[in-house]
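Q: The sequence and its predicted three-dimensional model are supplied below.
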Amino acid sequence: MSNLRSNIVAWLGRKYFSRIQRNGLDLSKMSFLPESTLMPLRREGVDPVPALAKRRAKEPISKLSLPFGMTGWLVLGHAEAKAVLGKATDFSTDFTNIAGNAGISAQQNPGGLGFSDPPTHTRLRRLLTPEFTMRRLNRLTPRIHTLVEERLDAMAAADGPVDLVQEYAFPIPSLVICELLGVPYEDREEFQRLSTARFDLFDGAGAPFGVISDSLSYLRDIVKKQRENPGDGLLGMIVREHGDDIEDEELTGLADGVLTGGLETTASMIALGTLVLLQHPEHFAALRDDETAVDGFVEELLRYLTVVQVAFPRFAKEDMEISGTKISRGDFVLCSLSGANRDDALGPDMERFDPYREGPSHLAFGHGIHRCIGAELARMELRAALPALVRRFPEMRLAVAPEELSFRKLSIVYGVDALPLLLK
C-alpha cells in the first residue's frame, strides 16, 4: 500500500528538542502539542474520535495549534482534502521544508517518493511504476494465494487462541513485499518491528527517526548486494534497467518506502478488517457465502478504516485560497484522510460500515501524484486474505472481551496490537 512515513509530531519534536535538550533534559516522552493537534491520530476502537466529526462539520479547514509561531491548517473535509492533495504544483512535500523549518539535518532524509517533489518525484516514480502495473503484479497472484493457504493451515493446527496479527495479518504482506523487493524473508521479524515502530509516536516524538535510521542502514547493505548481483525482484530490476540513472541512496529510500508502506498498512487492514467483520455478523456471513461480494467489502473497509490516518505534510509554495480559506506561502497543511473519508458529503451515514454503498470515492490511498503506488497490490492481498479467512473459520470469534483489545496510540498508521481469536 502506501509508502507514507510523514510524521508531524516527530519533526515538531525535533525542533523542540534541538532548542531545549542542550540543558540536559530528556523531553522525548513529553506531550507538548495541544490535544487539538493530536486529535487526528486518536481513535475509539476503529472509529475516529467524535470530536473529529464535530470539528469537520464546523470547519472543514481549521487552524492547527502549533508551537514556535508556525502557521498550520488541518483539512478534514473530503472535497477540501482532495483539492489540497491534487495541487502538486502549489504544495511541496520535499524533505527540505521539514529540515529548514524544524531543525532536522538533511542527512535524516528517509528518501523515497513521499518526501520529494517533481521533477525528482517524477523520475523516481517512473522507475517504480512498471513493477506495480497489473500485468507485473498478476505474477504474484498464485504466490499470494499460496501464502494465504499456508498461514490458514498453520492457524488451524494451533491449539487454543491464535493471534491473528502475528499469525496471519503480518506474515502475508511481509512475505509478499519481501519477495517483491528481493529482501530475505529471514529478516521479516526485524522489519515488522521497524515498520511498526516508525509510525508509533507513543514512545516519544523523536523515536521514529532512530527507527528509520536502522531500517535504512539495513537496506543500504541490500542495495549494495543487488548492485553486485541483481536478483529478480524490484531492486534487481531497477539496477539492471536503470542502474546508471539512480544512486544507491535513492534506491535505498525507494526500497524502504515500498517495504514499510506495503507491510504495516496492509497488515493493519487485514487485522482491523477482520475485527469489523466480527463486529457485524451479517456482513461476515455475506462475505463468507458470496464470492462476488469481495470487491465491495474491500473498498468499504478501506474507506471505513483508513488506516493511514494523515497524508504527507504539505507546505504551501504560494498564497492561495481553498474553499474560502486563505492559506499563505510557507503554511503547513495536514490532511486527515480518516476525517475526509467519514465526511457526510460523500453520502448518508458515513460513520457506518456498509459494504453495499455505491460510489463514494475514498482517499484511503491518497490522491494526486503522491497516491499510493502499491494500491492495487494491497487490494490483491485483501481480496485474497479476508474471504479465505472467514470461509476457513466460519465460527471464529474474539478470545477476549472487546474492551481488552489494545490499539495503537498516536500512530500515523492505525492498528491493533494483537487480535486473539478462537477459531473453532
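A: Received, thanks.
Q: how many other residues sit next to residue 71?
A: Neighbours of residue 71 under the rule other CB atoms under 10 Å: 14. Placement of C-beta: from N, CA and C, glycine included.
Q: and residue 219, how many neighbours?
A: Neighbourhood size, residue 219 [other CB under 10 Å]: 24.
Q: when you give positions from now on, start the count at 55
A: Sure, I'll start counting at 55 from here, so that last one is residue 273.
Q: Touching, it and residue 310? I think so.
A: Yes: under the criterion of CB atoms under 8 Å, residue 273 makes contact with residue 310 at 5.3 Å.
Q: Between these two, which contacts overlap?
A: Common neighbours of residue 273 and residue 310, counting by CB atoms under 8 Å, 6 or more residues apart in numbering, are absent.
Q: Please list all residues in contact with residue 398.
A: Residue 398 is in contact with 111, 404, counting by CB under 8 Å, 6+ apart.
Q: And it, how far from residue 133?
A: Separation of residue 398 from residue 133 (CB to CB, to the nearest Å): 12 Å.
Q: contacting residues for residue 374?
A: 141, 144, 380-381.
Q: I'd like to know which of these are part of strands.
A: Mapping the contacts of residue 374 onto strands (DSSP state E) picks out 380-381.
Q: Any chance of a ChimeraX selection covering the buried ones in the contacts of residue 374?
A: Burial among those is assessed by 16 or more other CB atoms under 10 Å; the matching ChimeraX selection reads:
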select :141,144,381
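Q: Between the contacts of residue 374, which sits nearest residue 473?
A: Nearest to residue 473 out of the contacts of residue 374 is residue 141 (CB to CB; 38.3 Å).
Q: ok, that closest one to residue 371 distance?
A: Look at residue 141 and residue 371: by CB to CB, they are 9 Å apart.
Q: which phi and psi does residue 390 have?
A: Note on residue 390: backbone dihedrals following degrees, to the nearest 10 are phi -90, psi 110.
Q: show me the residues around it that make contact.
A: By CB under 8 Å, 6+ apart, the neighbours of residue 390 are 94, 102, 106, 128-130, 135, 363-364.
Q: Could you do residue 475 as well?
A: By CB under 8 Å, 6+ apart, residue 475 lies in contact with 215-218, 328, 447, 450-453.
Q: Which member of these is positioned nearest residue 419?
A: Distance to residue 419 across the contacts of residue 475 (CB to CB) is lowest for residue 328, with 20.3 Å.
Q: what's the helix or strand for that closest one?
A: Assigned by DSSP states H and E, residue 328 falls within helix 302-333.
Q: could you say what helices and strands whichever helix or strand comes after that helix packs with?
A: The helix or strand immediately downstream of helix 302-333 is helix 335-343, counting by DSSP H and E. If you count contacts as 3 or more CB pairs under 8 Å, 6 or more residues apart in numbering; DSSP states H and E, helix 335-343 packs onto helix 302-333, helix 348-359, helix 429-446.
Q: The helix or strand just after the second one - which strands sit beside it in the sheet, and in what orientation?
A: Heading C-terminal from helix 348-359, the first helix or strand you meet, by DSSP H and E, is strand 368-370. For strand 368-370, the paired strands and their directions (DSSP bridges) are strand 145-146 (antiparallel), strand 386-389 (antiparallel).
Q: Tell me which residue is most central in the chain.
A: By CA atoms, centre = their mean, the mean C-alpha position of the chain lies nearest to residue 362, the distance being 4.0 Å.
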